[in-house]
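> after the sequence you'll find the predicted model.
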Number of protein chains: 2
Amino acid sequence: MRRQNLALVMAAVADAGPLSRAAVAGRTGLTRAAVSSLVDELMTAGLVAERGPAPSGRVGRPGSALGPDPAGPAGLGLEVGVRHLAACLVDLTGTVRATARADHAPQDRDPADVLRQLADMAQELMDSHPSPTAGAALAVPGLVTPDGVVAHAPNLGWRQVPAAALLAERLPGVPLTVDNEANLGAQAERWLGTGCADAVHVSAEAGIGAALLVGGRLFRGVRGFAGELGHVPVHPDGEPCACGSRGCLERYAGAAAVVRAAGLREPAGDRVADLARRAARGEEPVLAALERAGVALGTALAGVVNLVDPAAVVLGGAYAELGDWLLPGMRREIRARVAVRPWDPGALTVSALGRRGPVLGAAMLTVRGVIEDPARYASAVAAR
Amino acid sequence: MRRQNLALVMAAVADAGPLSRAAVAGRTGLTRAAVSSLVDELMTAGLVAERGPAPSGRVGRPGSALGPDPAGPAGLGLEVGVRHLAACLVDLTGTVRATARADHAPQDRDPADVLRQLADMAQELMDSHPSPTAGAALAVPGLVTPDGVVAHAPNLGWRQVPAAALLAERLPGVPLTVDNEANLGAQAERWLGTGCADAVHVSAEAGIGAALLVGGRLFRGVRGFAGELGHVPVHPDGEPCACGSRGCLERYAGAAAVVRAAGLREPAGDRVADLARRAARGEEPVLAALERAGVALGTALAGVVNLVDPAAVVLGGAYAELGDWLLPGMRREIRARVAVRPWDPGALTVSALGRRGPVLGAAMLTVRGVIEDPARYASAVAAR
């Protein structure tokens, strides 16, 4: 009971704060006395802080406004991308407190070595940051089993990599989760972006993944492998794909395919940034290749919309930077192919978080965990 | 509390019966005395009956075995198909007690007239059956809103038909639901067929729909329009579809498309039965057309499996009768296109209920409702 009430107060303060104690009582339906006692407990645990005077709307001494404690526990976000490693610390207010990034080429390296480098980056961040780290999550572009094994991440060249176990060796004492980058990007969008609870979140770059949010929760499928948008067939008799099949979406809309279709050589640096620069300059072959990619994305997403009837489709990941050129084709295809029902073109949007989504979502996973069950965090701290 | 315990006892008796009172106590964790009192209440409500001696496994007088009362309330299933109307009554044991069927051509008729005929068929069934009817559900091949309006059923030629309201006029006092036929067929499969709780259930004939069962519950999408498999694009630049788009699955795998691809004229009677007869006879063009349809179904379903990661895919509806000829192509395509993960070919099966699935599911919806909340049924009866 007290555990639930702590969570009620913490959520009110985090999602609607800064709030006075009276306002918290009003929102939660708890008595002022109960709120005061619960707030004391949350302040002792370092989760809630006085953030200055609260607007009371009434004459007299204003109550002190409560918010999540920015000096409280932070969430650690980690990411192994196709060409980069990233880490960040996010505090209880959702503010990014520290970030680190490194380029890398995972195809040429032992996965354990990659994760060692990432753990070292994370350790450095944590050492430089005064707050405790309540937990960490790792985003990877691949299929992850519930026990944190990367079953298959083709664009990293990883198969059956026990990522959770490898990271835990280097980050002892930090509770750790591993998830698909689209899943974490979708949750970041919900927590820090559009907030839509029923969305198909597309995370595209080298690979193309999707996450399905249903009532604010991830829909994972029976084995946790839902959302493999990149291998949905768009031209069944089309180009062979590295997965062994033909005509998969990735062969038409993945970054490598777009670079190839535009007649470009692989750039030394960031493929998506290079495409965006060229598109902004009006290079015709790039515009045509992006148009074709948008049509392929729209075709596959029309199938998804027909199947799962979401409230929104969000283009996230690095491809958010290509939204100006991808969206027209996507929108046209979805509208044409979702003909048996009304489809609101405004339901297709571009993520503002873009390629930062997965690592932010990874950090926010811990932050939201603390906010939704502050008692668990407090007792874990007490047990140390 | 008592309401929950009534439901516990009812479910034990219905799902594992016949059971002695002692066995019910063992399964539910309730005391023998509590079980006896709850059973008395369920017997008074006409939901549970003594079904003869129970195997006790011990020496002495055997206890009497309890089962759902076959003379208890029945569920009424109704269906408007593309070429037929159907109605059935199913008792609490899941046994079909009465059925009625009529051919019709809904495209040439006022929907209100069709529903009037169906209601008359239903009334005749109920009049001839001694048990009370606890509720009814109507299965239609189209998109249904939560308030029972058929928003669009292209193969019936229906748009914005207030089916629930029209039926209620003719069937006063019978609680009524309207749902998509694939949704009801999928639930029938769960309750009377394979029992799989996480499945994609394909219901195919003139139109092609699918239902997604997740943890035993229907996944309906934000507006209740999930599962439109028939308009998933399989050849994006392909044949124009009646929906206004191109290359939809229905254009390659729907019954009319198969008849056309086989070079046949539209048969006067049942298209699927005609195709099955010809295929069994070995008519080459029919075999080729069914192979092509299986490949198209498999292509679309590969996308579905990639997206929602189900435990099983079930071919239901009238197409279950074509399973022998459709399954090889379906299985091959799914296996080839779900290459990033293991896919068990045994996870693709044919429904044993076939085209009877939707109307049986419609009747079972009421039966399951009574079993899962017997107190609600009992109090509704008491209120009359």
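Ah, there it is. The structure displayed is predicted, hence computed values, not measured ones. Numbering: from 1, shown residues only, chains lettered A, B, ... in the order given.

> residue in the stretch 101-250 of chain A nearest to chain B?
In the stretch 101-250 of chain A, the residue found nearest to chain B is residue A:221; the distance is 2.4 Å by Cβ to the nearest Cβ. In this view, the C-beta of every residue, glycine as well, is placed from N, C-alpha and C.

> next, find the distance separating the residue lying closest to that residue once chain neighbours are set aside from residue B:93.
The shortest distance from residue A:221 to any non-neighbouring residue, by Cβ to Cβ, 6 or more residues apart in numbering or on different chains, is to residue B:309 (2.4 Å). Counting by Cβ to Cβ, to the nearest Å, the gap from residue B:309 to residue B:93 is 35 Å.

> looking at the two, which is more packed in?
Ranked by neighbour count (other Cβ atoms under 10 Å in any protein chain shown), residue B:309 and residue B:93 place residue B:309 first, with 22 against 16.

> let me know the pLDDT of that one.
Looking at residue B:309, its pLDDT stands at 92.

> returning to what we had before: so how far is residue A:180 from the residue nearest to residue A:221?
The gap separating residue B:309 from residue A:180 is 12 Å, by Cβ to Cβ.

> cool, residue A:277 as well?
For residue A:277, the distance to residue A:180 - Cβ to Cβ - is 29 Å.

> do the same with residue A:170
According to Cβ to Cβ, residue A:170 stands 22 Å off from residue A:180.

> just residue A:306 next, same as before
Distance, residue A:306 to residue A:180, using Cβ to Cβ: 23 Å.

> and for residue A:114?
For residue A:114, the distance to residue A:180 - Cβ to Cβ - is 17 Å.

> can you check residue A:203 too?
In terms of Cβ to Cβ, residue A:203 sits 8 Å off from residue A:180.

> what is in contact with those two at once?
Residues within reach of residue A:203 and of residue A:180 at once, by Cβ atoms under 8 Å, 6 or more residues apart in numbering or on different chains, are A:209, A:211.

> the two: which is more packed in?
residue A:203 (35 against 28).

> dihedrals phi and psi, the residue lying closest to residue A:320 once chain neighbours are set aside?
Of all residues not flanking residue A:320 in the chain, residue A:354 sits nearest, at 3.6 Å (Cβ to Cβ, 6+ apart). Here is the backbone geometry of residue A:354 (degrees, to the nearest 10): phi 50, psi -130.

> need the contact list for residue A:354.
Residue A:354 neighbours (Cβ under 8 Å, 6+ apart): A:316, A:317, A:318, A:320, A:321.

> how about the helices in the stretch 101-250 of chain A?
Ranges of helices in the stretch 101-250 of chain A, per DSSP state H, counting those that start in this stretch, are A:111-128, A:163-170, A:181-192, A:250-253.

> tabulate these (JSON lines), appending distance to chain B, mean neighbour count and mean pLDDT.
Shown next, in JSON lines, are the helices of the stretch 101-250 of chain A (distance: least, Cβ to the nearest Cβ, whole Å; neighbours: other Cβ atoms under 10 Å in any protein chain shown; pLDDT from 0 to 100):
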{"stretch": "helix A:111-128", "distance to chain B": "17", "mean neighbour count": "18", "mean pLDDT": "96"}
{"stretch": "helix A:163-170", "distance to chain B": "17", "mean neighbour count": "18", "mean pLDDT": "96"}
{"stretch": "helix A:181-192", "distance to chain B": "12", "mean neighbour count": "28", "mean pLDDT": "95"}
{"stretch": "helix A:250-253", "distance to chain B": "10", "mean neighbour count": "27", "mean pLDDT": "96"}
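
> redo the ones you listed as TSV? Include distance to residue B:109.
Listed next are the helices of the stretch 101-250 of chain A as TSV, based on distance: least, Cβ to Cβ, whole Å:
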stretch	distance to residue B:109
helix A:111-128	65
helix A:163-170	61
helix A:181-192	46
helix A:250-253	45
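
> pretty sure residue A:27 contacts residue A:12?
Yes. Counting by Cβ atoms under 8 Å, residue A:27 touches residue A:12, with 4.7 Å between them.

> could you report the neighbour count for the closest residue to residue A:232 other than its chain neighbours?
Nearest in space to residue A:232, with sequence neighbours left out and distances taken as Cβ to Cβ, 6+ apart, is residue B:303 at 4.0 Å. Per other Cβ under 10 Å, the neighbour tally for residue B:303 reads 31.

> quick check: which element contains residue B:303?
helix B:284-308 (DSSP states H and E).

> right, and the helix or strand after that helix?
strand B:312-316.

> next, see if that next one gets close to chain A.
No. Strand B:312-316 stays clear of chain A (Cβ under 8 Å from any Cβ of the partner chain), getting no nearer than 8.9 Å.

> quick one: contacts for the closest residue to residue A:120 other than its chain neighbours?
Leaving aside its chain neighbours, residue A:120 sits nearest to residue A:170 (7.4 Å; criterion: Cβ to Cβ, 6+ apart). For residue A:170, the contact set (Cβ under 8 Å, 6+ apart) comprises A:115, A:116, A:119, A:120, A:123.

> mind listing what the residue nearest the centre of chain A touches?
Nearest to the geometric centre of chain A sits residue A:185, at 2.0 Å (Cα atoms, centre = their mean). By Cβ under 8 Å, 6+ apart, the contact set of residue A:185 is A:139, A:201, A:203, A:211, A:316, A:317, A:351, A:353, A:357, A:358, A:361.

> repeat that with 7 Å
Neighbouring residues of residue A:185 by Cβ atoms under 7 Å, 6 or more residues apart in numbering or on different chains: A:201, A:203, A:211, A:316, A:317, A:357, A:358, A:361.

> so what's the residue lying closest to residue A:148 once chain neighbours are set aside up against?
Leaving aside its chain neighbours, residue A:148 sits nearest to residue A:164 (2.5 Å; criterion: Cβ to Cβ, 6+ apart). Remark: with contacts taken as Cβ under 7 Å, 6+ apart, residue A:164 is in contact with A:147, A:148, A:176, A:178.
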